[in-house]
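A.B. asks: what would the 3D arrangement of this be:
(one chain, ligands or ions: 2)
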Amino acid sequence: MKDMRDFIVEGEEKGLVKRITAEVDWNLELSHIAKLNEEAGGPALLFENVKDYDTPVMTSVCTTTERCAMIMGQPLDASLTDLYAAWAKLGETLIPPKEIDKSEAPCKQNILTGGDIDLYKFPVPQWYPLDGGRYIGTAHYFITKDPETGWVNLGTYRAQLLGKDKIGTQFIKGKHADIMLKKYQAMGKPMPCASVIGCDPLLFILGAARVSASVSEYDVAGAIRGEAVKVVKGETVDLPIPAFAEIVLEGEVDADKFMEEGPFGEYTGYYSGVGTDPRNFMDVKCITHRDNPILWGTTVGRAVTDTHMTMALSYGATLWEQLLQMKIPGLKAVYCPPEGSGRFLAIISMKQMYPGHADQVLTAAISTEMGAYGLKTVIVVDEDIDPWDIPRVMYALSFRFQPNRSQVIKRGRSTPLDPSLPIEAREITGRLLLDATIPYDWKQKPIPIELDPQMVERVKGRWTELGL
Ligand SMILES: Cc1cc2nc3c(=O)[nH]c(=O)nc-3n(C[C@H](O)[C@H](O)[C@H](O)COP(=O)(O)O)c2cc1C
Ligand SMILES: [Mn+2]
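C.D. replies: Numbering: from 1, shown residues only. Ligands and ions are numbered 1, 2, ... in the order given. Modelled structure (predicted):
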């Protein structure tokens, strides 16, 4: 899969993508159809007939595990935990992108500069009623480059349509584009930047993934694909652009210039602030797009949407990868539920091999680079329980967990979006570590009730006779 179009073709073949030919309004109607369809577990949608526009809009690309599996080139029945294992394995060998000639890059089919730049030519949706405006950058990412080392970063940070050649940015402190922007600021220069809207969905998943600083998301995409991502030079910025992108906005961000931005319905299901805030923005100097481009967007909002699924995938995979790197024995599987957007809650199953082993796993999880930021609750269960089997996890929390013994509260770095903390104090979160295993060192363990295997066979043979 190299682009959005391959995703659509393969998705249609497999019944995972549907075209909507009826006319829909970009103003709330499109997003509401998408959201209700997502809540019903429906397919990805290609809105071909958006009121007042010729450009189609794609939504809900990553909202099911099945579609995430398809994007990663894995079997469609893979669980999230299977995808974590595949990610960790493939991610061992990074593959840098390959530059191709402009003549072979469809993203250059149309090049607009100067007075031809008008972002209102795209059917940018208004997603939720209280959003501060239309958001053009949702299922997109910004490409930026470190001015000192040349490290190229892909990062998904929301982008509001703020004018015909301006889009908002919201680089939260410490995010990679923020680190880079501060370096350009110190040099007294604006930061060259490109926004990519519509591309190989894996690149969006990686834009939102917490890949380590100084590692390029392009190289991880190459690793997962087993093939270098094809890129082409920007027209006005010295940045590698995915050659098969649908729409690319090139420009610059000046750390000392601000516009009012927001609010925007976040993935927590709440607004992160109460009104607009002054934020940096990107001055768009050039738009390139394919013939008949597709605008890709996502609903964000309350779980489960693309944001939750992509985070549950990449954050869970990264947590698993980082736990494996710690070489702790006995780890069986990890599950980061999409309902917690893969970042607030993690469940780990393990085979205990020595006293203190379960404690080690709990503290290891919050000490990984992934777990150290935002993770609030970690539950560890024995190997007989699959961490994604929530009824069994509830069983373990009810019958194995003992609050007197196995609950620890710690403090750690929070995300500023966590609505369980007051808006003005979201730097530090509590962390809850729950040991729902049977203690390793108990001499006398509870005796499990097993069915008699012969009797099971016998009654199964009588099932029809019993009228069941
Ligand atoms: C749809 C969507 C919107 C997001 N919006 C923002 C945002 O506005 N600001 C931000 O800092 N992170 C945002 N994130 C989370 C980042 O993508 C994520 O933290 C990622 O790791 C950033 O890339 P980086 O690690 O290279 O900085 C968003 C994620 C998604 C999926
Ligand atoms: Mn990064």
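
A.B. asks: what does the helix or strand of the chain with the lowest mean pLDDT rub up against?
C.D. replies: Lowest mean confidence among the helices and strands of the chain (mean pLDDT, DSSP states H and E): strand 407-413, at a mean of 91. Applying Cβ atoms under 8 Å, 6 or more residues apart in numbering, the external contacts of strand 407-413 come out as 359, 362, 366, 372-375, 401, 427-435. Quick note: C-beta positions are derived from backbone N, CA and C, even for glycine.

A.B. asks: try it again with 6 Å
C.D. replies: Defining contact as Cβ atoms under 6 Å, 6 or more residues apart in numbering, one finds that strand 407-413 is touched by 373, 428-434.

A.B. asks: ok, of those, which come out buried?
C.D. replies: 373, 429, 431-434 (16 or more other Cβ atoms under 10 Å).

A.B. asks: residue of the stretch 151-300 of the chain closest to ligand 2, please.
C.D. replies: Nearest residue of the stretch 151-300 of the chain to ligand 2 (Cβ to the ion) works out as residue 176 at 3.9 Å.

A.B. asks: who are the contact partners of that residue?
C.D. replies: When contacts are counted by Cβ under 6 Å, 6+ apart, residue 176 touches 153, 155.

A.B. asks: and for residue 248?
C.D. replies: Residue 248 neighbours (Cβ under 6 Å, 6+ apart): 107, 194, 196, 241, 288.

A.B. asks: what's the local residue count around the second one?
C.D. replies: Number of residues near residue 194 (other Cβ atoms under 10 Å) recorded here: 28.

A.B. asks: doesn't it lie inside a strand?
C.D. replies: Yes - assessed by DSSP: H, G, I helix; E, B strand; the rest coil, residue 194 belongs to a strand.

A.B. asks: what is the burial count for the closest residue in space to it that isn't next to it in sequence?
C.D. replies: Closest residue in space to residue 194, ignoring its immediate chain neighbours: residue 143 at 4.5 Å, by Cβ to Cβ, 6 or more residues apart in numbering. A count of neighbours around residue 143, defined by other Cβ under 10 Å, yields 29.

A.B. asks: need the buried ones among the contacts of strand 407-413 in JSON lines with secondary structure, can you?
C.D. replies: Formatted as JSON lines, these follow (three-state DSSP):
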{"residue": "373", "secondary structure": "strand"}
{"residue": "429", "secondary structure": "strand"}
{"residue": "431", "secondary structure": "strand"}
{"residue": "432", "secondary structure": "strand"}
{"residue": "433", "secondary structure": "strand"}
{"residue": "434", "secondary structure": "strand"}
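
A.B. asks: a markdown table for those residues, including pLDDT and distance to ligand 1?
C.D. replies: Output for the buried ones among the contacts of strand 407-413, formatted as a markdown table (pLDDT from 0 to 100; distance: Cβ to the nearest ligand atom, whole Å):
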| residue | pLDDT | distance to ligand 1 |
| --- | --- | --- |
| 373 | 94 | 9 |
| 429 | 96 | 16 |
| 431 | 96 | 19 |
| 432 | 96 | 23 |
| 433 | 97 | 24 |
| 434 | 97 | 26 |
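
A.B. asks: from the residues you listed, which single one is nearest ligand 2?
C.D. replies: Closest approach between those and ligand 2, by Cβ to the ion: residue 373, at 13.0 Å.

A.B. asks: for this structure, what spans make up the helices?
C.D. replies: Counting by DSSP state H, the chain has helices at residues 4-13, 29-39, 65-71, 80-90, 176-186, 201-207, 217-225, 306-325, 357-367, 390-399, 453-461.

A.B. asks: hey, which of those helices is tucked in deepest?
C.D. replies: helix 201-207 (a mean of 26; mean count of other Cβ atoms under 10 Å).

A.B. asks: now that one: average pLDDT?
C.D. replies: Mean pLDDT, helix 201-207: 98.

A.B. asks: which strands or helices does it pack on?
C.D. replies: Here helix 201-207 touches strand 152-155, helix 217-225, going by 3 or more Cβ pairs under 6 Å, 6 or more residues apart in numbering; DSSP states H and E.
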